[in-house]
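1. starting from these lines, generate the structure:
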Amino acid sequence: MFGCLLAAGLGLVLGDATAADVVAIVHAQAWTMTGADGGRIDDATIVIRDGRYESVARGAAPPPDARVIDAAGRTVTPGLMNADTQLGLVEVSSVPETRDSGLNGGPLGAAFDVQYGLNANSMLLPIALDDGLTRAVTRPTATADPVFLGMGAVLRIQPGGDILDRPRAAMYAGIGGIGIGQQGGSRSAQWQLLRNAFAEAKTFNPSRAVPAPRDQLQNVMNIAALRAMLDAHMPLAVRATRESDIRQAVALAADYRLRLIVIGGSEAWRCADLLAANKVAVVLDPEADIPWTFDDLGARADSAALLAKAGVTIAFTVSGNTIQLSHNAGSAVREGAGLAVANGLPYADALKALTVNPARMFGIADHYGSMAKGQDADLVVWDGDPLEPTSAPEEVFVRGVQASRTTRQTLLRDRYAPSHAHDPLPPAYRP
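-> Predicted coordinates:
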């Protein structure tokens with residue numbers, strides 16, 4: 001009975017989308033993300049047609065065929081993006097059948113591709129959408145390989161089941177950390193294995209009549225995935241926090257001409273100039289301001305500000321000790337961005353780190369990240385400052401379609417509300 005009710009409730013969450021129409025949001029404080037200063041336009045009229053931005057202009061009259069929404073001076077931003085989650089892959093971390101983010105055995109390493117395990121019916125997706133998150137990177141956590149974690153994907157958080165925006169958005173590798181004992185015991189060995197893997201990938205020829213000698217360490221599936229990564233210029237996302245590892249990652253990227261993203265980067269501020277000079281992006285957690293391990297003894301609250309000042313492209317995630325990689329992925333990352341602002345990051349840079357920056361890092365800036373004409377009309381009208389935890393969306397649009405605000409939480413709230421105390425049916429049987 002519970003499963004049937006749950007499915008019915010989830011159907012309500014995912015069944016409210018309507019076809020995109022013409023929408024004009026007037027009197028908005030629009031942060032368009034089209035300029036270095038965030039492209040703020042006051043008293044803006046934002047026109048959406050056929051699911052895409054048509055125009056954003058100060059004081060413009062709405063088209064006669066538009067449905068008009070008066071923002072009344074409220075802040076309007078593109079839909080937000082969390083650059084490091086496990087949405088669609090992990091529902092309840094303590095329940096094995098709901099965890100599809102990692103492997104504890106088998107032949108897959110670099111070839112592990114999370115796109116095939118995505119759960120579009122995850123109850124966490126409507127919650128993230130209700131918090132203003134319309135895109136997210138979801139990534140692998142482990143394989144049997146001592147270095148490679150597999151390939152991540154970009155999600156489009158929307159009703160209807162089609163949540164995959166960009167598959168194979170990045171190849172992930174993990175260096176150091178508390179799990180290093182399970183990976184051979186030395187980060188030096190990890191870097192040697194990583195370099196050897198790319199050396200093997202460069203010489204890999206799938207059409208060769210005579211198989212490669214078996215002294216190569218990578219199997220055919222994994223080496224083929226790495227070769228495809230090199231050919232497609234897929235970014236390498238290295239999870240590393242220690243300065244020495246970040247410098248090693250930059251050297252590796254230079255040697256093999258890789259586009260590099262550092263995930264974590266607690267000590268990235270120590271080599272900010274090097275990262276900026278090599279166009280290395282960093283996805284960081286603004287709440288990680290104290291050390292969790294010896295690898296991040298240099299963690300500090302103003303690291304986002306220091307990196308941005310040096311010219312490093314940054315994006316945000318908030319791990320909550322890994323708990324919030326799926327749960328509260330929207331509200332947590334907004335709060336983290338607010339903390340970065342409180343510690344010196346310019347406000348416009350914080351908004352860019354939640355929109356256009358991660359879009360560029362993970363290859364979707366051609367259709368998402370700003371309010372430029374022709375971009376997907378992901379948009380949020382906020383009831384206050386989006387970087388304040390007490391603020392919330394008033395309206396959310398995904399590709400021009402107004403999203404439902406129904407979540408499992410709202411369904412439970414309504415079912416067990418005191419106003420139903422005298423209903424003839426017990427709470428579990430109410431619609």
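2. mind listing the residues bridging to Ala57?
-> Beta-bridge pairing for Ala57 (DSSP bridges): Thr45.
3. that one contacts Thr32, correct?
-> No: counting by CB atoms under 8 Å, Ala57 sits too far from Thr32 to count as a contact (10.4 Å). Bear in mind the C-beta positions are built from the backbone N, C-alpha and C, glycine included.
4. helices or strands up against the helix or strand where Gly338 lies?
-> Element membership for Gly338, per DSSP states H and E: helix 329-342. In this structure, helix 329-342 makes packing contacts with strand 80-85, helix 124-130, strand 133-138, strand 314-316, helix 347-353, judged by 3 or more CB pairs under 8 Å, 6 or more residues apart in numbering; DSSP states H and E.
5. mind listing the strands for the stretch 51-200 of the chain?
-> Along the stretch 51-200 of the chain, counting by DSSP state E, counting those that start in this stretch, strands occupy 52-58, 67-70, 75-78, 80-85, 133-138, 148-156, 164-174.
6. dump those to TSV, plus mean pLDDT and distance to Thr390.
-> TSV is the format used below for these (pLDDT from 0 to 100; distance: least, CB to CB, whole Å):
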stretch	mean pLDDT	distance to Thr390
strand 52-58	97	27
strand 67-70	96	23
strand 75-78	98	14
strand 80-85	97	16
strand 133-138	97	17
strand 148-156	96	26
strand 164-174	96	30
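7. any buried residues in stretch 107-114, and which?
-> Leu108, Gly109, Ala110, Ala111, Phe112, Asp113, Val114 (16 or more other CB atoms under 10 Å).
8. and the gap between Ile290 and Gly369?
-> From Ile290 across to Gly369, the span is 31 Å (CB to CB, to the nearest Å).
9. typo on my end, it should be Leu108
-> For Leu108 relative to Gly369 (CB to CB), the value is 31 Å.
10. now swap in Pro146 and tell me
-> Where Gly369 is concerned, Pro146 sits at a distance of 35 Å (CB to CB).
11. what number of residues lie near Phe301?
-> Let me fix one detail, which is that residue 301 is Ala and not Phe. Using other CB atoms under 10 Å, Ala301 has 16 neighbouring residues.
12. quick one: contacts for it?
-> Shown in contact with Ala301 (CB atoms under 8 Å, 6 or more residues apart in numbering): Pro286, Asp289, Leu339, Asn343.
13. at 10 Å what do you get?
-> Neighbouring residues of Ala301 by CB atoms under 10 Å, 6 or more residues apart in numbering: Pro286, Glu287, Ala288, Asp289, Ile290, Leu339, Ala340, Ala342, Asn343, Gly344.
14. again, but for Phe294
-> Gly176, Gly177, Ile178, Thr241, Arg242.
15. report the two of these separated the most.
-> Longest distance between any two of the contacts of Phe294 is 12.3 Å, between Ile178 and Arg242; criterion CB to CB.
16. which residues are in contact with both of the two?
-> Thr293, Phe294, Asp295.
17. hmm, which of those is lowest in pLDDT?
-> On pLDDT alone, Thr293 ranks lowest of the shared contacts of Ile178 and Arg242, at 86.
18. mind checking how far that one is from Ala240?
-> 12 Å.
19. between those two, what contacts are shared?
-> Gly176, Gly177, Ser266.
20. please identify which of those residues is nearest to Ala359.
-> Ser266 (23.9 Å).
21. does that closest one touch Leu306 like I think?
-> No: taking contacts as CB atoms under 10 Å, Ser266 lies outside contact range of Leu306: 11.9 Å.
22. those two: who's more crowded?
-> Ser266 (26 against 17).
23. so what's that one closest to, chain neighbours aside?
-> Asp296 (3.5 Å; CB to CB, 6 or more residues apart in numbering).
24. wouldn't the one you found be in contact with Arg239 here?
-> No: in this structure, Asp296 is not within contact of Arg239 by CB under 10 Å, at 11.8 Å.
25. if we can go back for a sec, more neighbours: which of Ala57 and Thr32?
-> Thr32 (22 against 13).
26. what sits against the more buried one?
-> Applying CB under 10 Å, 6+ apart to Thr32 gives the contacts 38-41, 44, 46, 53, 56, 76-78, 355-356, 370-372, 375.
27. count of neighbours near Pro418?
-> Neighbour number of Pro418 under other CB under 10 Å is 6.
28. then the one 3 residues further on?
-> Using other CB under 10 Å as the criterion, Ala421 is surrounded by 8 other residues.
29. okay, helices next: where are they in the stretch 301-431 of the chain?
-> Secondary structure of the stretch 301-431 of the chain, counting by DSSP state H, counting those that start in this stretch: helices at 303-310, 329-342, 347-353, 356-361, 408-415.
30. what's the distance between Asn205 and Trp31?
-> Applying CB to CB to Asn205 and Trp31 gives a distance of 49 Å.
31. which one of those two is surrounded by more residues?
-> Trp31 (25 against 9).
32. just checking, that one touches Val381?
-> No: contact criterion CB under 10 Å: Trp31 and Val381 do not qualify, at 11.7 Å.
33. got any residues that touch both of these two?
-> With CB under 10 Å, 6+ apart as the test, Trp31 and Val381 both reach Thr75, Val76, Thr77.
34. from the residues you listed, which single one is nearest Gly311?
-> Once CB to CB is applied, the member of the shared contacts of Trp31 and Val381 that ends up nearest Gly311 is Thr77, at 23.2 Å.
35. Gly38 against Ala348, yeah?
-> Yes: between Gly38 and Ala348 there is a contact at 3.3 Å, judged by CB under 10 Å.
36. and these two? which has more neighbours close in?
-> Gly38 (22 against 17).
37. pull the contacting residues for Leu87.
-> Contact partners of Leu87, counting by CB under 10 Å, 6+ apart, are 118-119, 122, 124-125, 127-128, 133, 136-139, 155, 157, 163, 325-327, 329-330.
38. repeat for Asp130
-> Asp130 neighbours (CB under 10 Å, 6+ apart): 13, 157, 330-331, 392-393, 396, 403-407, 409-410.
39. please repeat the previous calculation with a cut-off of 8 Å.
-> Gly330, Pro393, Val396, Ala403, Arg405, Thr407.
40. which stretches of this protein aren't confidently modelled?
-> Across the chain, the ranges flagged by pLDDT under 70 are 1-20, 178-184, 206-216, 320-324, 430-431.
41. how's it carved up into domains?
-> Using automatic domain parsing, the domains assigned to the chain come out as 17-78+377-405, 80-361.
42. so for Tyr416, which of those sits nearest?
-> domain 80-361 (16.9 Å).
43. list of residues touching stretch 244-255?
-> With contacts defined as CB under 8 Å, 6+ apart, stretch 244-255 is touched by 175-176, 187, 191, 194-195, 198, 236, 238, 240, 258-260, 262, 265, 267-268, 271, 274-275, 278, 280, 295.
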